[in-house]
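Visitor: predicted model follows, preceded by the sequence.
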Amino acid sequence: MSLLDVRVPAVVLRVDRNPFHHGTLGAVRSLGRAGVDVHLVADSTGSPVGRSRFVRQSHPPPAPDASAAEIVAVLRRVAARIARPAVLVPMDDASAVAVGRFREELAPAYLLPRQPARLPERVADKAELAEVCAAAGIPHPRTLVPDSAEQAAAAAWRLGLPVVAKWSRPWLVPAGSGLRSTVVVRSAREARELFGRTEEAGSRLLLREFLPPGPDRDWFFHGYADRTGLVRAGGPGRKQRSWPRGAGLTAVGLWTPNPRVQGLAERLTGELGYRGIFDLDFRRCGGTGRHHLLDFNPRPGAQFRLFTDGAGLDVVRALHLDLTHRPTAAGAPLAGRAFVVENYAPLSALRPAPRGRELAWSAPDDRGPGLVMWALWGRHVAGRLFGRLRPARTPVPRVAPVVVRQAGQPADERCPAARHEELTAVSGPSDRSDDEKASSR
């Protein structure tokens, strides 16, 4: 018998059009295996997720550039079809921000965590996150937000080139614009030119100090803060392999105890009064040993299934249990458990995993998505290779990534950067497609 209240369905929502978002499949499987009816509101056309046997019904998603109000309108139509309250699981920043902003309007039809309406928007905004970290005393790379092109150039020099450049609200970057949510900037001129595209990007440009990668430096924490603020489910994990290497999504993650990372996560969510699922990305400075918070994602991370404990509890199931007032029966943490995204790390998927492992796509009880993924991935890779082999007609100038340091950070705490590491790890392949972006580091 399921611990979850199977009378209450779930709606899994994703606005962005990434067909290879394995986190969405993870949410569908987690709830569907527990006997919950799962309604998928996402673009499942040609996506492996749509072939999962655990999808009860698919519904047309909002447009990729939909406003928060338009996202809410779609959710109201879905609620009318389901005709009973459902647990809502936003899977990307745009949907999480919209749901947070319109919580009161959605609450009669959806079960949602209760927290300040603008909090998801505040922590997802990369510029505001720097202010949040400064106020809470959470280590964060020094960050500057320029007000003009000249200030952007000066900030790049001040921070030390290269630097990491981010748009503060990456979910507003229009598809097809050629803009990336994060790039490496190697010159003041590039910083100045990138600032010139601020209006097109839809949000502020920020420059952030770069912390170089290295062994044992990339960490993440997934958790669920219940109605009392207690962090349940989830845990700290270490990125063993990423795609692209050193700067991309987690291709291989390992559940690894880390009291420092866990303490920072619990302190930050407690001080903010955050409620719901969250995914935090950290990088440890090689010089100081401090773990700096890079991103706060107010939704499940793509590899959240890594943290499935001995009782089968993960953050998505914890959400359903808490919102339906069922006890959250946590099991023993399974330290050493691995999660592998097999299309990015196929050899890791074949190696022995003595402490247990879950694959992102392939599952013996749900074979459809894995089979579709490999067919789609083969065509995707072939298309990319063909595109590279064709002679380029018009060279497209590329903007390098940017690095930012947090204002007020003492100079002796700034993490020393190896320039060759910075350039290779931050930029990665210059022609990354959207499906290769890190939806969660």
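Guide: Now that the structure is in, tell me what you want to look at.
Visitor: contacts, neighbours, all on C-alpha from now
Guide: Will do.
Visitor: all strands of the stretch 251-400 of the chain, in order?
Guide: Assigned by DSSP state E, counting those that start in this stretch, the stretch 251-400 of the chain shows strands spanning 276-284, 291-297, 338-340, 357-359.
Visitor: what angle do the first one and strand 291-297 make?
Guide: For strand 276-284 against strand 291-297, the angle by axes from the mean of the first three to the mean of the last three C-alpha atoms, to 10 degrees is 150 degrees.
Visitor: deepest in the core, which of the strands of the stretch 251-400 of the chain is it.
Guide: strand 338-340 (a mean of 27; mean count of other C-alpha atoms under 10 Å).
Visitor: returning to that earlier point: which one of the strands of the stretch 251-400 of the chain lies nearest to residue 193?
Guide: strand 291-297 (24.2 Å; C-alpha to C-alpha).
Visitor: indicate which one of the strands of the stretch 251-400 of the chain is closest to residue 255.
Guide: Nearest of the strands of the stretch 251-400 of the chain (C-alpha to C-alpha): strand 338-340, 6.4 Å.
Visitor: chain center to the closest one, what's the gap?
Guide: 16 Å (C-alpha atoms, centre = their mean, to the nearest Å).
Visitor: try stretch 261-277
Guide: Worked out by C-alpha atoms, centre = their mean, stretch 261-277 lies 17 Å from the chain centre.
Visitor: which other residues reach it?
Guide: Identification of contacts with stretch 261-277 by C-alpha atoms under 8 Å, 6 or more residues apart in numbering yields 113-116, 119, 136, 138, 219-227, 229-231, 235-236, 280, 282, 291, 298-300, 315-316, 319.
Visitor: in helices, which of those residues fall?
Guide: Of the contacts of stretch 261-277, the ones assigned to helices by DSSP state H are 119, 136, 315, 316, 319.
Visitor: what helices or strands is the strand or helix carrying residue 40 leaning on?
Guide: Per DSSP states H and E, residue 40 falls inside strand 38-41. Under the contact criterion of 3 or more C-alpha pairs under 8 Å, 6 or more residues apart in numbering; DSSP states H and E, strand 38-41 touches strand 10-13, helix 22-33, strand 55-59.
Visitor: switch those over to a markdown table; also include mean neighbour count, mean pLDDT and distance to residue 365.
Guide: Converted to a markdown table, those look like this (neighbours: other C-alpha atoms under 10 Å; pLDDT from 0 to 100; distance: least, C-alpha to C-alpha, whole Å):
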| stretch | mean neighbour count | mean pLDDT | distance to residue 365 |
| --- | --- | --- | --- |
| strand 10-13 | 24 | 98 | 20 |
| helix 22-33 | 23 | 98 | 9 |
| strand 55-59 | 17 | 97 | 13 |
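Visitor: wait, which of the ones you listed is closest to residue 353?
Guide: helix 22-33 (19.7 Å).
Visitor: how far does that closest one sit from its chain's centre?
Guide: Per C-alpha atoms, centre = their mean, the centroid offset for helix 22-33 relative to its chain is 16 Å.
Visitor: which elements pack onto that helix?
Guide: Packed next to helix 22-33, using 3+ C-alpha pairs under 8 Å, 6+ apart, are strand 10-13, strand 38-41, helix 315-323.
Visitor: want to throw the ones you listed into JSON lines with distance to residue 349?
Guide: Formatted as JSON lines, these follow (distance: least, C-alpha to C-alpha, whole Å):
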{"stretch": "strand 10-13", "distance to residue 349": "27"}
{"stretch": "strand 38-41", "distance to residue 349": "27"}
{"stretch": "helix 315-323", "distance to residue 349": "23"}
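Visitor: quick one: closest of these to residue 377.
Guide: So among these, strand 38-41 is nearest, using C-alpha to C-alpha, at 21.9 Å.
Visitor: export that closest one as CSV, just CAs?
Guide: Extracted in CSV, the C-alpha atoms of strand 38-41 (Å, rounded to 0.1, in the frame of the first residue of the first chain):
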residue,chain,number,x,y,z
VAL,A,38,0.3,12.2,-13.0
HIS,A,39,-0.9,14.9,-15.4
LEU,A,40,1.9,16.3,-17.6
VAL,A,41,1.8,19.9,-18.7
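Visitor: pLDDT wise, what is residue 144 at?
Guide: Looking at residue 144, its pLDDT is 97.
Visitor: repeat for residue 334
Guide: 97.
Visitor: how much space separates it from residue 220?
Guide: Distance of residue 334 to residue 220, computed by C-alpha to C-alpha, to the nearest Å: 16 Å.
Visitor: with neighbour numbers in mind, choose between the two.
Guide: Shown here are residue 334 and residue 220; by other C-alpha atoms under 10 Å, residue 220 has more neighbours (30 against 18).
Visitor: so who does the nearest residue to that one once chain neighbours are set aside touch?
Guide: Of all residues not flanking residue 220 in the chain, residue 281 sits nearest, at 4.5 Å (C-alpha to C-alpha, 6 or more residues apart in numbering). Listed by C-alpha under 8 Å, 6+ apart, the contact set of residue 281 reads 218, 219, 220, 221, 293, 294, 295, 296, 440, 441.
Visitor: shaky segments in the protein?
Guide: Segments of the chain classed as low confidence (criterion: pLDDT under 70) are 1, 246, 391-441.
Visitor: so what's the residue count around residue 54?
Guide: Neighbours of residue 54 (other C-alpha under 10 Å): 25.
Visitor: and if you look at residue 289?
Guide: Other residues close to residue 289 by other C-alpha under 10 Å number 12.
Visitor: distance of it from residue 223?
Guide: Residue 289 is 23 Å from residue 223, by C-alpha to C-alpha.
Visitor: dump the helices and strands packed on strand 38-41 to a markdown table, plus distance to residue 386.
Guide: What follows is the helices and strands packed on strand 38-41, written out as a markdown table (distance: least, C-alpha to C-alpha, whole Å):
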| stretch | distance to residue 386 |
| --- | --- |
| strand 10-13 | 34 |
| helix 22-33 | 25 |
| strand 55-59 | 33 |
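Visitor: closest to residue 208 out of those?
Guide: helix 22-33 (27.4 Å).
Visitor: now that closest one against strand 55-59, angle please.
Guide: Going by the same axes, to 10 degrees, helix 22-33 makes 130 degrees with strand 55-59.
Visitor: just the angle for helix 22-33 relative to helix 315-323, thanks.
Guide: Going by the same axes, to 10 degrees, helix 22-33 makes 50 degrees with helix 315-323.
Visitor: what residues does helix 22-33 touch?
Guide: 10, 12, 14, 37-38, 40, 49, 52, 54-55, 91, 300-305, 316-317, 360-361.
Visitor: distance to residue 98 and neighbour count added to the ones in helices among the contacts of stretch 261-277, as JSON lines?
Guide: Putting those into JSON lines (distance: C-alpha to C-alpha, whole Å; neighbours: other C-alpha atoms under 10 Å) gives the following:
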{"residue": "119", "distance to residue 98": "11", "neighbour count": "18"}
{"residue": "136", "distance to residue 98": "25", "neighbour count": "14"}
{"residue": "315", "distance to residue 98": "20", "neighbour count": "30"}
{"residue": "316", "distance to residue 98": "19", "neighbour count": "25"}
{"residue": "319", "distance to residue 98": "18", "neighbour count": "28"}
